[in-house]
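K.L.:
Need a 3D model of the sequence below.
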Amino acid sequence: MDTEKKSEKSPEPTQDIGKIVGDLVVSGATILAHSAAEAVVKRVNKATADSAPVQAVAKGTVTFAGWEAGYGNLVRIKHAGGLSTGYAHLSRIAAGVRVGTTVDQGELIGSVGQTGLATGPHLHYMMAKNGKVINPMTMKAEPPIPIDAKLLPKFEEYIAPLAARFEN
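P.N.:
Residues are numbered from 1 along each chain as shown. Here you go, the predicted structure:
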C-alpha cells in the first residue's frame with residue numbers, strides 16, 4: 001500500500017479570459033476569486049432573470065461568438081486600449097453577432113442563460129487588459145481622448161441645449 005502523500009500542484013491560471021472555470025452561481029453582483037498556484041483571478045457573476053438582455057459595455061470587435069466548454073454560449077469582444085470583455089452562459093447569442101463584427105456600446109449581444117456548466121441563470125462577465133485578467137469592479141476608466149481644437153466649437157454648439165437642461 002502506497003502511503004506516500006502526493007502533492008497536487010494547482011494549474012497556473014491562464015491569462016486568456018476564455019479559459020477560467022470553476023465558478024459558483026451567486027445572487028447579486030459578486031466578485032468570485034479562484035485561487036490556483038497562489039494567484040487570484042477575478043470575474044463577476046450576476047444572477048438575473050433568464051433571457052434578460054446582455055449588452056456590450058463598450059464599442060469593440062467580436063473575437064469569439066459560440067460555444068466554449070464550461071462557458072456554454074460565449075461572446076468575447078476586443079475594445080480600444082487593450083481591453084477585452086467576455087460574456088458567458090448566454091441562452092442565445094444575438095443575430096448578427098459573429099467574429100469580426102463591430103458592436104457599439106449598449107448593443108444587444110445576447111440573452112442571459114444557464115448554458116455550459118451554469119447551475120442557474122446568470123451572466124458570467126470577464127474583463128482583461130492587454131491579455132491579463134483584471135477585476136471589472138475595480139477597473140478605472142481611461143481618461144477620455146481630448147476633442148480636437150478644430151472640432152471643439154461645433155461640439156460646444158451641439159451640447160449647449162443639453163447643458164442648458166442641467167442649469168435649469
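
K.L.:
Please identify the helix or strand for residue 145.
P.N.:
Residue 145 is part of no helix or strand, with elements assigned from DSSP states H and E.

K.L.:
Now do it against residue 103, distance only.
P.N.:
20 Å (CB to CB, to the nearest Å). Backbone N, C-alpha and C define where each C-beta goes, glycine included.

K.L.:
which residues of this structure fall in helices?
P.N.:
152-167 (DSSP state H).

K.L.:
Low-confidence ranges, it, go.
P.N.:
1-43, 46-47, 142, 168 (pLDDT under 70).

K.L.:
quick one: the strands in it?
P.N.:
Listed in chain order, the strands of the chain (DSSP state E) span 29-36, 39-47, 53-55, 60-68, 72-79, 83-90, 92-93, 102-103, 108-111, 122-129, 132-134.

K.L.:
Mean neighbour count for the ones you listed - can I get that in TSV?
P.N.:
Shown next, in TSV, are the strands of the chain (neighbours: other CB atoms under 10 Å):
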stretch	mean neighbour count
strand 29-36	14
strand 39-47	18
strand 53-55	17
strand 60-68	17
strand 72-79	21
strand 83-90	24
strand 92-93	18
strand 102-103	16
strand 108-111	20
strand 122-129	21
strand 132-134	17
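
K.L.:
pretty sure residue 71 is touching residue 124, no?
P.N.:
Yes - checked against CB atoms under 8 Å, the pair residue 71 and residue 124 is within contact range at 6.9 Å.
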